[in-house]
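Enquirer: my questions concern the predicted model and sequence given below.
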Amino acid sequence: MHTSIKGKTAVISGASHGLGQAVALKLAALGAHTVLLARRLDPLTDTAEAIRAGGGKATTYTCDVSDSAQVRATAAGIQDKFGAVDILINNAGIPAPRSFVETDFAAWDEVIGVNLSGVFYLTRALWDCLVSAESASVINISGTAGLRGGGSPAYGGSKFGLTGLNYAIAEAGKAHGIRATILYPGGMDTGWRGAPIGELPRSQSMDPAVVADMVAHLAASPPEFVVNEAVLNPLDHPFM
Ligand SMILES: NC(=O)c1ccc[n+]([C@@H]2O[C@H](COP(=O)([O-])OP(=O)(O)OC[C@H]3O[C@@H](n4cnc5c(N)ncnc54)[C@H](OP(=O)(O)O)[C@@H]3O)[C@@H](O)[C@H]2O)c1
């Protein structure tokens, strides 16, 4: 790690499960004050308690990132409490119907709302906090579907859109030392789409804790350059 995470304020969306939870635990272990967002309170509280039990710092906000009013209120609370935000991990995401004909308007709106609009809302609402930081890092969690598409219009569309949004954030941020990185992970062992956890070998389904280590390295990369993109795939399923 090049830059210390210690003492930084790190906002993580979707922090109560899967990759977001693993990132929260990792950044807290490195000394960040973690700010955890998700819709449901109980899993969020459990995650915060696990962080505090390990000596880390965590503050929770229940927030649906697809709801602009909730995001505004949450961001205002974060700004009041912390002022600056050094690290923003836009991780909250949901799966989508797998095919074009299975995708109705409601599913489209929901998936685009969480996976794409949610990233814009949260980043935009926290912009002044990111500008206030010395050198903020925004890490957007996509997926390899954001590179190769696939059968799901809503999922692929949301993740392809996220690439455009990532670069718009980087462009707007450069004058303020804000860097934006988009991470494209392949399959992770998070129970995505109800898959059983812990059954596949690591070479087929990545441990979210190991992917979280990479996220922490990205957040701690030297402020003089930006890592634009990173693609991570399980060993047995190299890209494409
Ligand atoms: N797992 C994979 O194989 C895989 C592969 C490639 C990319 N990804 C991407 O990686 C990211 C994390 O995936 P994951 O597998 O870790 O997911 P996960 O285990 O299902 O966890 C999702 C987290 O996001 C929260 N969340 C969901 N909708 C939300 C909303 N509208 N507002 C705020 N929080 C919300 C959930 O809590 P609540 O339900 O309480 O809100 C939970 O904390 C996603 O962006 C996903 O697209 C995953």
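Expert: Thanks, I have the structure now. Residues are numbered from 1 along each chain as shown.

Enquirer: surely Pro43 meets His17?
Expert: Yes - counting by Cβ atoms under 8 Å, Pro43 does reach His17; the two are 6.0 Å apart. Bear in mind the C-beta positions are built from the backbone N, C-alpha and C, glycine included.

Enquirer: neighbour count winner among those two?
Expert: Comparing Pro43 with His17 by neighbour count (other Cβ atoms under 10 Å), the higher total belongs to His17, at 18 against 15.

Enquirer: any idea how far that one is from Phe120?
Expert: Using Cβ to Cβ, to the nearest Å, His17 is found at 22 Å from Phe120.

Enquirer: which parts of this structure are strands?
Expert: 9-13, 33-38, 57-62, 87-90, 137-141, 179-185, 229-232 (DSSP state E).

Enquirer: partner strands of the fourth one, with direction?
Expert: Paired neighbours of strand 87-90 in the sheet (DSSP bridges): strand 9-13 (parallel), strand 137-141 (parallel).

Enquirer: which residues sit in contact with Met188?
Expert: Applying Cβ atoms under 8 Å, 6 or more residues apart in numbering to Met188 gives the contacts 18-19, 205-208, 211.

Enquirer: ugh, typo on my part, it should be Gly156
Expert: Counting by Cβ under 8 Å, 6+ apart, Gly156 makes contact with 145-146, 149-150.

Enquirer: find the residue at the geometric middle of the chain.
Expert: Asn91 (2.0 Å; Cα atoms, centre = their mean).

Enquirer: wait, that one sits on Val11?
Expert: No - using Cβ under 8 Å, Asn91 is not in contact with Val11; the gap is 10.1 Å.

Enquirer: so for the helix of greatest length in the chain, mean pLDDT?
Expert: Of all the segments assigned as helix in the chain under DSSP state H, the longest by residue count is helix 153-173. The average pLDDT within helix 153-173 is 98.

Enquirer: would you mark the buried spots in that helix?
Expert: 153-163, 165-166, 169-170, 172-173 (16 or more other Cβ atoms under 10 Å).
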